[in-house]
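Visitor: okay, sequence plus prediction incoming.
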Amino acid sequence: MQTLVDHLSYREQSDAVRSRFEAMKQRPVVLSVRNLYKTFPTPGGSVTALKDVSFDVYRREFMCVIGPSGCGKSTLIRILAGLEDSSAGQVLLDGNPVSGPGPDRGMVFQSYTLFPWLTVKQNVMFGPRMAGQKGAAVEGEARQWIDLVGLSRFENSYPHQLSGGMKQRVAIARALANRPRILLMDEPFGALDAQTRCQMQSYLLQIWKNLDITILFITHDLDEAAYLSDRILVLKANPGEVNEIIEVPVPRPRTPAQFVSPEFIATKYRIDHLIHPETAAETDSIPFPRMTVAGDDVE
Amino acid sequence: MKSDLIREKPQREPWFAARRDLSPRRASLLTLLSFALPLLVWSAVSYLPFLWHPDMELQISADRENVTTVYVAGDRMSQDFFPEFQESVRQQNKALEAALASFDPAAEAPNGASVRRANKKILRHLAPLLISNGWITEKQAKDDAIIYDAWGRIATGAKLPTRPRLSDENLAIAAINWSAMSKVSPTYASDRFISVPLLSLVPQGRSANPDYLPAPHEVVITGIKDFTAPPEAERPSMWQRVGHSIRIVFGGFLLAALVGVPIGVLCGTYPVFSKLIEPFTDFFRYMPAPTFSTLLVAIFLANDAPKVALVFVGTIFQLILVVSNTTRRLEMPLLEAAQTLGAKQRQLLTHVVIPGILPNLYNDLRILLGWAWTWLVIAELVGVKSGLTEFIETQGRWRNFDSVYPVIILIGLIGFFTDQILSAFSRIFFPWTAEAGGKPNPIVRAILFIPRWFRDAAAERIPYRPETRTRQTGEA
Ligand SMILES: Nc1ncnc2c1ncn2[C@@H]1O[C@H](COP(=O)(O)OP(=O)(O)OP(=O)(O)O)[C@@H](O)[C@H]1O
Ligand SMILES: [Mg+2]
């Protein structure tokens, strides 16, 4: 892998990919983050979770945020969603500063947040109903969103009757039903098993491709980041700072077959390098106890 | 082939497996046992004399001269004292025997009138025995002519009591008394009644438990008698009492819920209310509600108002705290999700908090209703005693514990079945909770049978019901 990476830098882009990025950067900026700071006051002194974070997300872009655990990914997305106030800096949606949560920024949480007392359809209709919409039109539209995530058979089921993957699909449909400008997702597939997660990623890519939607997606999974995103925002830990914004050189449309393509591996290698610079050295120093019962040592 | 192998494997279900559900059959069996075992213990203690039975229950009334305590049939005394008591009656008889054998029926004794009165009492000592043998009815217990007649029959051996039988000692006493009595007059005549002291019957009894632990059958019989007795002037019937008690408990509870639930929900939702209201509530609930009873009477005057108020005061502070806690337990992410979906502050309350806590709130209220029942007795003692408590108080003071038990048990049953019915309905009200999918206990199943039957009958008439179609889970 070392040699492969040496041969192919993640910065090398094919013509198709480069022109795609050029086209993307021509599009208007949907979400703009300017010099964002966040400090938490704690009994032991204040903790700086985010420090001078700035980046733009273009219209129809799929951006992933990745970083070591505790680097402030959730804090960042909660500020973007308006669930938390920033200590300093600005968040602009279509050029207007945001304050407080709103239906223009849809959010999918890592924990399951479907309303247990509402059926799948009622969950999806929640946003429109809060906006005062009523009647058969809302219901018809909700059905469309449920169709989109492939759950029409379950529109009258309650959340406790659904599997984890199905719940997250409903959560996506519910967020989309508000027709948000941007979809914010905080490790939405983190609690799912590997196979379901893979399925969900394909679903999400399809939805993203077919809808005019911008997505900001948090993950700690390198494969997920490289597979889904146009660009990857890599954060540093303590305090959370922008480390690098990687333009993923893997061409679209993406398929799981690309997991072994050189561009894919180069991207992953780069992220891995950014996130865990000293991995090898750390593992070497751990003394391993031998797990042998007296007498059955095979070496 | 393989499936055969699997089937041959013995199905070993352990009885003791931590937090593992038992099979429905075992669960039902244990539910049954949980009621049968206490009943069995009660029966055993009541009907097996060697288990406890520290007392003797008198079958023949007995009293002694110079002793103020009068024992009548049905009274109990300790097994230790009983022989002593018998002995003292024997001593007393011995002193009288000679005079009785040698008296002159024609001569009037010096203090004839008072002796006659005492003799009539001795005459009637036989009455309980005659009643339990079915010779006379309870109304005839004071009909001296019939009892006189019975003395004669027993003394001559013409007819002997069997349930219970009379001891030989007492048969001899009957013979001596009768020979003296019949010398004066062969049939009863109040002016020609013996004026020499008669011998007293020696007390007879059977081993029994103290009167505060009547046997199951006594409780059942007395209970049926009490509950079927018609109301009299100034004395309401038992069912009227039950209704009255229920009105007080439910009245106080519903008022408390009406006031307390909104306050609790507000406290659990908005810290402003929580900080303003909860500290004082927390302090107030430590002041025992009964201490306010005289105050409540002063405020609300007579009748039921102070009683309802006491249940209210005893319940509401607890209720506010429990409800606000339940409200706070609603997961924050649900509120955040709702906000990102565009819900405003007021909508959060009406569309997330309230529907979200409903199942837990319902459960809380169930528990608090049980709490309200515990105030019943004190509430009914406030002001003019009333309802079931007044009955328990009166009967208990008369040591009619066989009348007290049915009432206590009935209160328990009312509370228990209200709770079970409410728990059964929670499955119907809140189909989205995970518990609604689980297996109900046998009592809940029995209660749910009726509404389910109606629902299924209705479902048969309506061919397509989308809700029931999509009850399956698993990936599409
Ligand atoms: N409410 C809070 N009060 C104090 N410190 C907080 C609070 N929320 C987050 N932090 C701190 O801020 C830092 C970033 O937390 P955050 O949850 O955003 O990390 P993360 O990148 O999402 O981690 P993970 O990958 O484990 O989800 C952490 O060091 C955390 O301890
Ligand atoms: Mg996080």
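Guide: Looks like it came in fine. Note that the structure is a prediction, hence the values are computed from the model and not measured. Ligands and ions are numbered 1, 2, ... in the order given.
Visitor: in chain A, where is pLDDT below threshold?
Guide: Within chain A, the segments meeting pLDDT under 70 span A:1-8, A:277-286, A:299.
Visitor: switch the cut-off to 50
Guide: A:1, A:3-5, A:7 (pLDDT under 50).
Visitor: ranges for the strands of it?
Guide: A:29-42, A:45-58, A:62-66, A:88-93, A:96-97, A:105-108, A:182-186, A:214-218, A:231-236, A:241-247 (DSSP state E).
Visitor: who's in contact with residue B:239?
Guide: Residues counted as contacts of residue B:239 (CB atoms under 8 Å, 6 or more residues apart in numbering or on different chains) are residue B:227. Yep, even glycine has a C-beta here, placed from its N, CA and C like the rest.
Visitor: how deep is residue B:226 tucked in, by neighbour count?
Guide: 19 (other CB atoms under 10 Å in any protein chain shown).
Visitor: the closest residue to ligand 1 within the stretch 151-299 of chain A and residue A:263, how far apart?
Guide: Per CB to the nearest ligand atom, residue A:220 is where the stretch 151-299 of chain A lies closest to ligand 1, at 5.3 Å. Distance from residue A:220 to residue A:263, counting by CB to CB, to the nearest Å: 21 Å.
Visitor: between the two, which one's more packed in?
Guide: It is residue A:263, of residue A:220 and residue A:263, that has more neighbours when counted by other CB under 10 Å, with 20 against 16.
Visitor: the more buried one contacts residue A:249, doesn't it?
Guide: Yes: between residue A:263 and residue A:249 there is a contact under CB atoms under 8 Å: 4.4 Å.
Visitor: show me which residues of the stretch 51-200 of chain A sit near ligand 1.
Guide: Within the stretch 51-200 of chain A, the positions near ligand 1 by CB under 6 Å from any ligand atom are A:67, A:69, A:70, A:71, A:72, A:73, A:74, A:75.
Visitor: for the nearest residue to residue B:205 once chain neighbours are set aside, what are its contacts?
Guide: The shortest distance from residue B:205 to any non-neighbouring residue, by CB to CB, 6 or more residues apart in numbering or on different chains, is to residue B:56 (3.7 Å). The contact partners of residue B:56, by CB under 8 Å, 6+ apart, come to B:76, B:77, B:78, B:79, B:82, B:205, B:206, B:207, B:208.
Visitor: could you single out the nearest of the residues you listed to residue A:119?
Guide: Nearest to residue A:119 among the contacts of residue B:56: residue B:208, at 63.9 Å, using CB to CB.
Visitor: hang on, that closest one packs against residue B:58?
Guide: No: applying CB under 8 Å, one finds residue B:208 not in contact with residue B:58, separated by 9.5 Å.
Visitor: overlap of the contact sets of the two?
Guide: In contact with both residue B:208 and residue B:58: residue B:76, using CB under 8 Å, 6+ apart.
Visitor: how much space between residue B:306 and residue B:422?
Guide: 28 Å.
Visitor: more neighbours: those two, which one.
Guide: Between residue B:306 and residue B:422, residue B:306 has the larger neighbour count (other CB under 10 Å), namely 23 against 16.
Visitor: the more buried one contacts residue B:300, correct?
Guide: Yes: using CB under 8 Å, residue B:306 is in contact with residue B:300, at 4.3 Å.
Visitor: sorry, back to before: residues shared between the contacts of residue A:263 and residue A:249?
Guide: A:10, A:12.
Visitor: which stretches in chain A count as helices?
Guide: Assigned by DSSP state H, the helices in chain A fall at A:2-7, A:15-26, A:73-81, A:120-124, A:126-130, A:136-148, A:164-176, A:194-210, A:222-228, A:262-275, A:279-284.
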